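Chemist: please find the sequence and the predicted model below.
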There are 2 protein chains.
Amino acid sequence: MADRGTAQQPTSGESLLFLTDDQLRRGIEAMFFAYRGFTADPDRILAEKEYGRAHHRAIHFINRSPGTNVNTLLAILGVTKQSLNRVLRTLIEDGLVEARVGKRDRRERHLYLTDAGVELERELSDAQRARMRAAYRAAGPEAVAGFRLVLEQMMDPELLRHYREGGEGQT
Amino acid sequence: MADRGTAQQPTSGESLLFLTDDQLRRGIEAMFFAYRGFTADPDRILAEKEYGRAHHRAIHFINRSPGTNVNTLLAILGVTKQSLNRVLRTLIEDGLVEARVGKRDRRERHLYLTDAGVELERELSDAQRARMRAAYRAAGPEAVAGFRLVLEQMMDPELLRHYREGGEGQT
DNA sequence: ATTTTTATGTCAGCCTTGTTGACTTTCCAA
DNA sequence: TTGGAAAGTCAACAAGGCTGACATAAAAAT
């Protein structure tokens, strides 16, 4: 209802054909299908190990920011503490994650991957990166820049912050 | 383990900096965060109406290809028939989807949205398109082309087929 | 004409991962 | 010293995946 309907003509000289409902629909489907491919490889590995996608996400972000506390992780993952806690507990029990009591604020738990955790993270992200790398290589650097730009625009602004802050990569 | 590790230098003249592990990790996180934004608006609408994301997906693809049969939908959505059936049954009970017995092959059910179904589809896709349109507009046509190209490369080839066949848009 | 295969639906039961609500423990800070 | 934030726990529940088994109708093959 925030829309001007389906019939759209090119307006100014810029040609806004890429904003037609049909083009948008194709983008939406591309997101849907691509996300499936994006998660397929890690999912296969996780299934063998009695873990799920939620474990992967926790492991990923603990690996990216070692020593992060539970609250921060909660905000990044966008789930409830009860939901995260269940996942975290199994990872700690299985010796993949270590929760150290905070020094300054002893209520906080700082999360770290153990050696075994690092190893699983490696296995999962190697698989995911392999597919990503193949896609990047096939599409080329200019396409990748556009890909990243559009995705950033689709994010919740709050998450965009976490995204930009995460890691020390030279963009 | 299909990787050459983190330390990567620019090789040929082409500069393969966009293929570093760090760049790939940022792409992976971009996918994760953006997918959340991508589904946030429809999810909000669906929650009010006692439906979930699975209903949205079914409605979307029935709307895109009216008269499609259950098997095709199964292949596109990548779920089991039991899972789809549960969703489909509620949609039919609620009068959003109609299942007509096939004329040539009377085993098949051809699926159509009713007027009420079309209306919900509109509401959901308007919300989703609005965000997509804002992202497209902010990123610009060249970025959108790259976005689509990378996503296509990430898809399962089997799904890529469905993706390309779907709809009659002039790409 | 009979058998087999295909398309679909359905029942039962399981798992993961999300939710809300209530409650406790710890401990920083006003 | 007391209020409240951070963290953890327990219980109950729902959505939406999954497998397996089975039923029915109709098409296709023999």
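Modeler: In hand now; what should we look at?
Chemist: going forward, measure contacts between C-alpha atoms and count neighbours the same way
Modeler: Will do.
Chemist: and the gap between the closest residue to residue A:96 other than its chain neighbours and residue B:25?
Modeler: Once flanking residues are discounted, residue A:96 sits nearest to residue A:117: 4.0 Å by Cα to Cα, 6 or more residues apart in numbering or on different chains. Distance, residue A:117 to residue B:25, using Cα to Cα, to the nearest Å: 18 Å.
Chemist: any residue of the helix or strand residue A:112 falls within touching DNA strand C?
Modeler: Per DSSP states H and E: residue A:112 is located in strand A:109-113. No. Looking at strand A:109-113 against DNA strand C by Cα under 7 Å from any atom of the strand, there are no contacts, and the closest approach is 10.3 Å.
Chemist: what is that strand packed up against?
Modeler: Applying 3 or more Cα pairs under 8 Å, 6 or more residues apart in numbering or on different chains; DSSP states H and E, one finds that strand A:109-113 makes contact with helix A:53-64, strand A:68-69, helix A:70-77, strand A:97-101.
Chemist: got TSV for those, with distance to residue A:155 too?
Modeler: Converted to TSV, the helices and strands packed on strand A:109-113 look like this (distance: least, Cα to Cα, whole Å):
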stretch	distance to residue A:155
helix A:53-64	17
strand A:68-69	22
helix A:70-77	12
strand A:97-101	28
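Chemist: closest one to residue A:163 among the ones you listed?
Modeler: In terms of Cα to Cα, the element of the helices and strands packed on strand A:109-113 nearest to residue A:163 is helix A:70-77, at 8.8 Å.
Chemist: is that closest one up against DNA strand D anywhere?
Modeler: Yes. Helix A:70-77 is in contact with DNA strand D by Cα under 7 Å from any atom of the strand, via A:70, A:71.
Chemist: for the helix or strand just after that helix, give the mean pLDDT please.
Modeler: Elements were assigned by DSSP H and E; along the chain past helix A:70-77, the next helix or strand is helix A:81-93. Helix A:81-93 comes out with an average pLDDT of 94.
Chemist: quick one: distance of helix A:81-93 to the chain centre.
Modeler: Relative to its chain's centre, helix A:81-93 lies at 19 Å (Cα atoms, centre = their mean, to the nearest Å).
Chemist: one more: stretch A:36-47?
Modeler: Counting by Cα atoms, centre = their mean, stretch A:36-47 comes out at 13 Å from the chain centroid.
Chemist: swap in stretch A:80-99?
Modeler: That offset, for stretch A:80-99, works out to 19 Å (Cα atoms, centre = their mean).
Chemist: before we move on, back to that, ok, the strand holding residue A:112: who's next to it in the sheet?
Modeler: strand A:68-69 (antiparallel), strand A:97-101 (antiparallel) (DSSP bridges).
Chemist: one step back: please identify which helix or strand holds the residue nearest to residue A:96.
Modeler: In the assignment (DSSP H and E), residue A:117 maps to helix A:115-139.
Chemist: give the buried residues for that helix.
Modeler: Of the residues in helix A:115-139, A:117-118, A:120-133, A:135-137, A:139 count as buried by neighbour count, 16 or more other Cα atoms under 10 Å in any protein chain shown.
Chemist: that one vs strand A:109-113, what angle?
Modeler: 70 degrees (axes from the mean of the first three to the mean of the last three Cα atoms, to 10 degrees).
Chemist: what packs against whatever helix or strand comes next after helix A:115-139?
Modeler: Going down the chain from helix A:115-139, the next helix or strand is helix A:141-154, by DSSP H and E. Identification of packing neighbours for helix A:141-154 by 3+ Cα pairs under 8 Å, 6+ apart yields helix B:21-48, helix B:115-139, helix B:141-154.
Chemist: skip the chain neighbours and tell me the closest residue to the spatially most central residue of chain A.
Modeler: Geometric centre of chain A, nearest residue: residue A:57, 7.3 Å, by Cα atoms, centre = their mean. Sequence neighbours aside, residue A:77 is the residue nearest to residue A:57 in space, at 7.5 Å (criterion: Cα to Cα, 6+ apart).
Chemist: from residue A:101, how far off is that neighbour?
Modeler: From residue A:77 across to residue A:101, the span is 21 Å (Cα to Cα).
Chemist: where does chain A come near DNA strand C, residue by residue?
Modeler: Proximity of chain A to DNA strand C, by Cα under 7 Å from any atom of the strand, involves residues A:50-55, A:78-84, A:87, A:104-107.
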